[in-house]
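Enquirer: Sequence plus the predicted model coming up.
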Amino acid sequence: MAQAAKKKILIVDDNEDVLWALKMLLKRQGWEVSTEQDPRRIPFLVSQHAFDLILLDMNFREDTTSGKEGFEWLAKILEIDPQAVVIMITAYGDVDTAVQALKAGATDFVLKPWENEKLIATLQAALKLRDSYRKVEQLERKNEQLTGIINRAEVEMLGNSAAMQKVRMLIDKVAATDANVLILGENGTGKQLVAKMIHRQSRRSAKPFIGVDMGAVSETLFESELFGHKKGAFTDAKQDRIGQIELAHGGTLFLDEIGNLSLALQAKLLTVLQDRRIRRLGSNDWIDIDVRLICATNMPLHEMVKEGTFRQDLLYRINTVEIYLPPLRERIEDIPLLAEHFLRRFAQKYRKEVRQLSAEALKVLKTYSWPGNIRELEHAIERAVIMADKHTLTNDDFAFLQKAAPSAKLPTDLPLNLEELEKQAIAQALKKHQGNISQTAKELGITRAALYRRIEKYGL
Ligand SMILES: Nc1ncnc2c1ncn2[C@@H]1O[C@H](COP(=O)(O)OP(=O)(O)OP(=O)(O)O)[C@@H](O)[C@H]1O
């Protein structure tokens, strides 16, 4: 293993005896020590060398005890190298000045005359701190690089329908701003993808994109998950933990399934968005937050505001710009492009010689209603590719789609028109659950928003 580089230390003191004694003591630790009597040379030395630690006298002239000169040189050092680790040497009994030096950015202080062991322990602790500063800096840089790679590797957004062209135009316009964006659309329509595209095209793209599924965050863990906590804030808080909002600082915070938040949590979220600062659980310190907020939901937020289940003030805060992603069945012209794209991807992934879709297969894909939208199409193609034993996928390869339709359990004397079947299945499910929307949607395997839309469409 390579030997660790020698630590470089600079001592600045106008007393030659002090310099000499300190130099001897520190050299015995295996450190590389430079000494300087004239503080005016500090700027030159600090800008030319990378010192791990600087030991600086507070009072350079015998007759002064104010420490004023020491403060000035401390400020100069920190101006040149804000990460510098500076330890002040101060006269015994002048602790007040030393404390002020800490406030001004010094890492620690030692009292003159010093005890050798104590002095060495103080310097060792400070050097450790310098190392951790370096590690943090390295990690931050690595993180920026990785974020860049992840962003570039992201899948592209396909589709030339008028609806998708409009979405693309909105993304281009909004990405350049810091406006909050609300993305609406059924499950699997590409809401998360749109959020990532906005981030990728924004000036925040080198910073993190942090997605939080609000539907998956429990009421009790909400604050700890979003705001973080300090060790001991509650029984299970074994160590300090940074929250998702803080993680997103400088970047984009994507809150998915925002419609699932309870009213109590909506109030907490609103406060954070208004104040733009958070406090970790168990801490008294406020942390300023700079994030671009993007929210998404498949629930009808505007209707929920009318019902009183979603706060109007929160909606106004998050929906500066709204982007609606129509369901796949309303943009069937995008289906061939998407299907062929997924076919190529999965053929490559599973090393299958599947090359194309037959005209009949495409017809099946275009007439199916895709309640799970693009995600369902993606899975359907994946399944067909895995099962395929020919170069071309035919309508037989998608027979499972018809089987999955709700008609399977209905009596055989019903018409074989998909829309009619869907209408009857919904009517039957509504009756079974006495009009309860949540339970009916659950039984049908679709979202509440999707159910509302169908009720309206079929006039039920
Ligand atoms: N226009 C598109 N072009 C290519 N792939 C897409 C497109 N839209 C969505 N996808 C793909 O479909 C899948 C579902 O998309 P995404 O997760 O963004 O949907 P969502 O609306 O956020 O879903 P949910 O509401 O369930 O969270 C992803 O794999 C995504 O990459």
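Expert: Noted; the coordinates are in hand.
Enquirer: drop to CA atoms for contacts and neighbour counts, all remaining ones
Expert: Noted.
Enquirer: All the helices of the stretch 251-400 of the chain, in order from the start?
Expert: 263-275, 301-307, 312-318, 335-349, 359-367, 373-387, 399-404 (DSSP state H, counting those that start in this stretch).
Enquirer: The stretch 101-250 of the chain now?
Expert: 116-153, 162-175, 191-201, 222-227, 244-247.
Enquirer: The longest one - contacts with which helices or strands?
Expert: For helix 116-153, the contact count by 3 or more Cα pairs under 8 Å, 6 or more residues apart in numbering; DSSP states H and E identifies strand 53-57, strand 108-112 as packing neighbours.
Enquirer: so the first one versus helix 116-153, what angle?
Expert: To tie it back to what came earlier, the one meant is strand 53-57. Interaxial angle of strand 53-57 relative to helix 116-153 (axes from the mean of the first three to the mean of the last three Cα atoms, to 10 degrees): 130 degrees.
Enquirer: contact partners of strand 53-57?
Expert: 8-14, 70, 74, 84-90, 126-127, 130 (Cα atoms under 8 Å, 6 or more residues apart in numbering).
Enquirer: mind running it again at 7 Å?
Expert: 8-13, 70, 84-90, 127 (Cα atoms under 7 Å, 6 or more residues apart in numbering).
Enquirer: Okay, now the sheet partners of that strand, with direction.
Expert: strand 8-12 (parallel), strand 86-91 (parallel) (DSSP bridges).
Enquirer: again, but for the last one
Expert: On the basis of DSSP bridges, the sheet neighbours of strand 108-112 come out as strand 86-91 (parallel).
Enquirer: Let me see the mean pLDDT of the strand it pairs with.
Expert: The pLDDT scores in strand 86-91 average 89.
Enquirer: quick revisit: which one of the helices and strands packed on helix 116-153 has the poorest average confidence?
Expert: Here the helices and strands packed on helix 116-153 differ in mean pLDDT, and the lowest is strand 108-112 at a mean of 89.
Enquirer: Stretch 435-449 vs the ligand: in contact?
Expert: No: Stretch 435-449 lies out of reach of the ligand by Cα under 6 Å from any ligand atom, never closer than 9.5 Å.
Enquirer: Only the C-alpha atoms, please, for that stretch, written as PDB.
Expert: Extracted in PDB, the C-alpha atoms of stretch 435-449 (Å, rounded to 0.1, in the frame of the first residue of the first chain):
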ATOM      1  CA  GLY A 435     -71.300   3.400  -5.700                       C
ATOM      2  CA  ASN A 436     -68.100   3.500  -3.600                       C
ATOM      3  CA  ILE A 437     -65.500   4.800  -6.000                       C
ATOM      4  CA  SER A 438     -62.400   3.600  -4.200                       C
ATOM      5  CA  GLN A 439     -63.700   0.000  -3.700                       C
ATOM      6  CA  THR A 440     -65.000  -0.200  -7.300                       C
ATOM      7  CA  ALA A 441     -61.700   1.100  -8.700                       C
ATOM      8  CA  LYS A 442     -59.800  -1.500  -6.600                       C
ATOM      9  CA  GLU A 443     -62.000  -4.300  -7.800                       C
ATOM     10  CA  LEU A 444     -61.600  -3.300 -11.400                       C
ATOM     11  CA  GLY A 445     -57.800  -2.900 -11.100                       C
ATOM     12  CA  ILE A 446     -57.800   0.800 -12.200                       C
ATOM     13  CA  THR A 447     -57.200   4.100 -10.500                       C
ATOM     14  CA  ARG A 448     -60.000   6.300  -9.100                       C
ATOM     15  CA  ALA A 449     -59.200   8.900 -11.800                       C
END
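Enquirer: May I see the buried residues of it?
Expert: Across stretch 435-449, burial judged by 16 or more other Cα atoms under 10 Å covers Ile437, Gln439, Thr440, Ala441, Ile446, Thr447, Arg448, Ala449.
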